[in-house]
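Participant: this one's structure only:
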């Protein structure tokens, strides 16, 4: 899976980057943790090199495990001005979050990101959407199995402006602006009725808990309502609806213009509304993104913990973040990209392919009947390996039956068997395990083995040719 | 580089494994760190989940960053008895060491390991040597550029037994046995004279510092001397010499027998003394290995910090460790394997290939002359990408000269250029940048570009074919 994703990223000209797992805490853009009680969300530990200069208020005091791959990218771009610009890199690696993980999630998980830094044009955002589609399709998902949803932070800003709020600063979590976006983000779970309550006076849930509302007027709520109804399948139609709603605000007009450009660039590549839609309900991180935001969702149905069938959901997310590098350099460096949640995607692929067994890298197992003949077994293995097959000599302590079970468990295609009799004749036996997999469990000794049909005898020198023939026959099936 | 190594590992039937970066400290086999002063060598931090149950003397209190990939493997094997046995896995990932790193080394670095667990036969050790050779050769090193050196802890044990020491426990660092091995380990640096001093009464270095000796008698020193002289190129001859020296001790006899088996298995695969030698001076970690130990060295000459020419040295190390899994299960699980120092090897390859520029993943850059034509540029890019080439559309803010410099810096082969004139004719220009790379710096505007020779005009629909022709011509050069 990782190889396939990587090939897509590389086919678009992204180059690999590695960065350390450990960064100074201020690189991660969090506030300083308090002494001995590092802030939730990230794993931090004291930098022991400081010795007597150690001071928990010093940013160098805390070293942290990265919580994503984007903050380290911004640090690298700021630190190495000699890098090519645009700088297009992909990176895969673990990230760590100090939080209570949801079901099937972990505190350490893999992200696989691609980002373009130094790209002012919204064409780079269109490219992100196209690459997300390419990734899904490289993994065997077709249009309809997945959908890429796009929104634009500027359009949301336009809605807030059209609502004539006192402040439209969404980074202030106590503002009505932030409350509106939080309410929209709950549309999936609460439905439009629940969102309307949250936008207005507030909402009481089934357990009786009350969530304070954003306190909007009916007129304002109606505006947000119409905004959410712009969730239509056709991208141009969505742009027209949004234009009517927020086109008179500066942010809204700019946001719609950008979506129209994204639409045109995607259309030129044959990427229609069955693959990428504009969806006004997509919110993502509030304080982070500055323009288009993206979510790649799998529509594959799975059963959740309560046995309810639902869509697998988001495995890919991203957006434009023009302010992140500025934190280090003081200069605006426009950037956009997206990140695959590797573990989530792998889980989805397993559900689909039931690919739970260890991935087999050998096609051929050379079994060992006689320890004194090990040099011969290794010589055979090497001769077959030269033809491009994965080959291993069995090196455990098991007898033939166990050796064949080992091959079967790993999904190895062929077994090579040579004992005293075969060596005397200068021959080996080749057993087609995929044909005979069902019978393999029953074979316990050499005698039974000999009576078994799906095997053939060949001269030792002819082994590589015979393996090639059998492997081609298996793939022809 | 990593891909090539991986293909070798997979061709021998190893399957990939990922484990978390963070392990409980006792998994790593170190003693408990003291409260607030975690032990040197590993990065440890307090497990904040314990809350009021937190107790620094509790093994669960300390979580640590792994310092190698072997201890986590042993933990996984112990924890998941359902894994196939033999369990053959490869793993690449960062490891962390809390120590003062030497020049060109870092506290976080990558290892790329392969190990077989559940393999009692010394044939598995021979296999490790063969795989080390395959890796070097897959990376373009020939016999003579590299050498795999093999020793056997049992033979060293035999030497200690032949010396009739009171104790041959090398894990006791204060013992004469450990002092002997430490002295041998310094042969490279101090020469045989220095080692003899260390084996006897002690040695004073140039700065006047005195190192206490192992206190051996002249007869004992002479025995170690003869042992070190067994460093002969021919493996069978080395075995004969070692047999004469330690063949009368139980450990020594067993150790030589194992080397003879390794020799036979390697010979059957055509791996001679120009690739793998037996070298009695190879020591490696004292408390860890139980049988054969391996070092893969690059003989490539480099200049060190003082400008002295020397061999690049060890990039690959490993050995048999039959006791490691036992720590968890109480049951002996024989295992062997080796680890590539990825950063060191990459450094060596850079020195050889001067491959310092960012790795290019695009072969074609579609330049942008007109922002309004972005949909067309992306359409062209996609059409060429379908032929299997890496293609990107330039998304920075630079003019044509900067776009071509960007392509040149990244080593991109071809540039596609289309402005108003070309679109009017339904054509694009293709520029062979590798042919014209030297001139590219001089091209500052469109007019100069047009006058330049190494380019051709093709119909837009014919672009993918034309790219294919040009790329094939470049590779034919």
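Facilitator: Yep, it's here. Keep in mind it's a predicted model, so treat the numbers as computed, not measured.
Participant: tell me the buried residues in stretch A:11-24?
Facilitator: A:11, A:12, A:13, A:14, A:15, A:17, A:18, A:19, A:20, A:21, A:22, A:23 (16 or more other CB atoms under 10 Å in any protein chain shown). Just so you know, the C-beta spots here come from the backbone N, C-alpha and C atoms, and that holds for glycine as well.
Participant: er, stretch A:82-95 I mean
Facilitator: A:83-95.
Participant: please look at residue A:159 and residue A:248 and confirm they touch.
Facilitator: No: here residue A:159 does not reach residue A:248: they are 11.7 Å apart, not a contact under CB atoms under 8 Å.
Participant: more neighbours: which of the two?
Facilitator: Shown here are residue A:159 and residue A:248; by other CB atoms under 10 Å in any protein chain shown, residue A:159 has more neighbours (28 against 12).
Participant: could you check how far that one is from chain B?
Facilitator: Using CB to the nearest CB, to the nearest Å, residue A:159 is found at 27 Å from chain B.
Participant: helices or strands next to the helix or strand harbouring that residue in the packing?
Facilitator: For residue A:159, the element it lies in under DSSP states H and E is helix A:153-162. Applying 3 or more CB pairs under 8 Å, 6 or more residues apart in numbering or on different chains; DSSP states H and E, one finds that helix A:153-162 makes contact with helix A:176-184, helix A:218-228, helix A:235-246, helix A:250-268.
Participant: ok, residues contacting it?
Facilitator: Applying CB atoms under 8 Å, 6 or more residues apart in numbering or on different chains, the contact partners of helix A:153-162 are A:168, A:170, A:177, A:180-181, A:184, A:223-224, A:227, A:242, A:245-256, A:258-259, A:280, A:283, A:289-293, A:319-320.
Participant: which positions within it qualify as buried?
Facilitator: For helix A:153-162, by 16+ other CB under 10 Å, it's A:153, A:154, A:155, A:156, A:157, A:158, A:159, A:160, A:161, A:162.
Participant: closest to residue B:454 out of those?
Facilitator: Among those, residue A:154 lies closest to residue B:454 (CB to CB), at 43.1 Å.
Participant: which residue sits closest to that closest one, ignoring its sequence neighbours?
Facilitator: Spatial nearest neighbour of residue A:154, chain neighbours left out: residue A:255 (3.2 Å); criterion: CB to CB, 6 or more residues apart in numbering or on different chains.
Participant: so what pLDDT did the one you found get?
Facilitator: Residue A:255 is assigned 96 on the pLDDT scale.
Participant: what sits against it?
Facilitator: By CB under 8 Å, 6+ apart, the contact list for residue A:255 reads A:152, A:153, A:154, A:155, A:156, A:157, A:158, A:242, A:246, A:291.
Participant: just to revisit the earlier point, which ones, among the buried residues of stretch A:11-24, also lie beside chain B?
Facilitator: With CB under 8 Å from any CB of the partner chain as the criterion, the members of the buried residues of stretch A:11-24 in contact with chain B are A:11, A:12, A:13, A:14, A:15, A:18, A:20, A:21, A:22.
Participant: residue A:164: neighbour count?
Facilitator: Here the number of neighbours of residue A:164 (other CB under 10 Å) works out to 12.
Participant: now do the SS call for it.
Facilitator: Three-state assignment for residue A:164 (DSSP: H, G, I helix; E, B strand; the rest coil): coil.
Participant: now do the contacts for it.
Facilitator: Residues near residue A:164 by CB under 8 Å, 6+ apart: residue A:220.
Participant: state the distance from it to chain B.
Facilitator: 34 Å.
Participant: swap in residue A:473?
Facilitator: Look at residue A:473 and chain B: by CB to the nearest CB, they are 21 Å apart.
Participant: burial of that residue, as a residue count?
Facilitator: By other CB under 10 Å, 11 other residues sit near residue A:473.
Participant: I'd guess it is in a strand, am I close?
Facilitator: No: the assignment for residue A:473, made by three-state DSSP, is helix rather than a strand.
Participant: weakest of the helices and strands packed on helix A:153-162 by average pLDDT?
Facilitator: Least confident of the helices and strands packed on helix A:153-162, judged by mean pLDDT, is helix A:176-184 with a mean of 87.
Participant: how far is that one from where the chain is centred?
Facilitator: Taking CA atoms, centre = their mean, to the nearest Å, one finds helix A:176-184 lying 27 Å from the centre of the chain it belongs to.
Participant: tell me what that helix is packed against?
Facilitator: In terms of contacts (3+ CB pairs under 8 Å, 6+ apart), helix A:176-184 is packed against helix A:153-162, helix A:187-199, helix A:218-228.
Participant: who touches the last one?
Facilitator: By CB under 8 Å, 6+ apart, the list of residues contacting helix A:218-228 from outside reads A:159, A:162-164, A:180, A:184, A:187, A:192, A:195-196, A:199-200, A:216, A:242, A:245-246, A:280-281.
Participant: hmm, 10 Å instead?
Facilitator: Applying CB atoms under 10 Å, 6 or more residues apart in numbering or on different chains, the contact partners of helix A:218-228 are A:155-156, A:158-160, A:162-165, A:176, A:180, A:183-184, A:187, A:192, A:195-200, A:213-214, A:216-217, A:241-242, A:244-246, A:252, A:279-281.
Participant: could you identify the buried members of these?
Facilitator: A:155-156, A:158-160, A:162-163, A:165, A:176, A:180, A:183-184, A:187, A:195-200, A:213-214, A:216, A:241-242, A:245-246, A:252, A:279-281.
Participant: quick one: low-confidence parts of the stretch 351-477 of chain A?
Facilitator: Low-confidence segments of the stretch 351-477 of chain A (pLDDT under 70): A:353-359, A:436-453, A:476-477.
Participant: which parts of it are helices?
Facilitator: Under the criterion DSSP state H, counting those that start in this stretch, helices of the stretch 351-477 of chain A are mapped to A:374-385, A:400-410, A:420-425, A:433-440, A:446-451, A:463-476.
Participant: quick one: closest of those to residue B:66.
Facilitator: Closest to residue B:66 of the helices of the stretch 351-477 of chain A is helix A:400-410 (CB to CB; 26.2 Å).
Participant: give me the buried positions along that closest one.
Facilitator: Applying a neighbour-count criterion of 16+ other CB under 10 Å, one finds A:400, A:401, A:403, A:404, A:406, A:407, A:408, A:409, A:410 buried in helix A:400-410.
Participant: got the residues of the stretch 51-200 of chain A near chain B?
Facilitator: A:63, A:65, A:82-90, A:93-94, A:96, A:98, A:100, A:106-110, A:116-127, A:130, A:134 (CB under 10 Å from any CB of the partner chain).
Participant: cool, and the stretch 201-350 of chain A?
Facilitator: So the stretch 201-350 of chain A meets chain B at A:261, A:263-271, A:334, A:336, A:342-343 (CB under 10 Å from any CB).
Participant: good, wrapping up.
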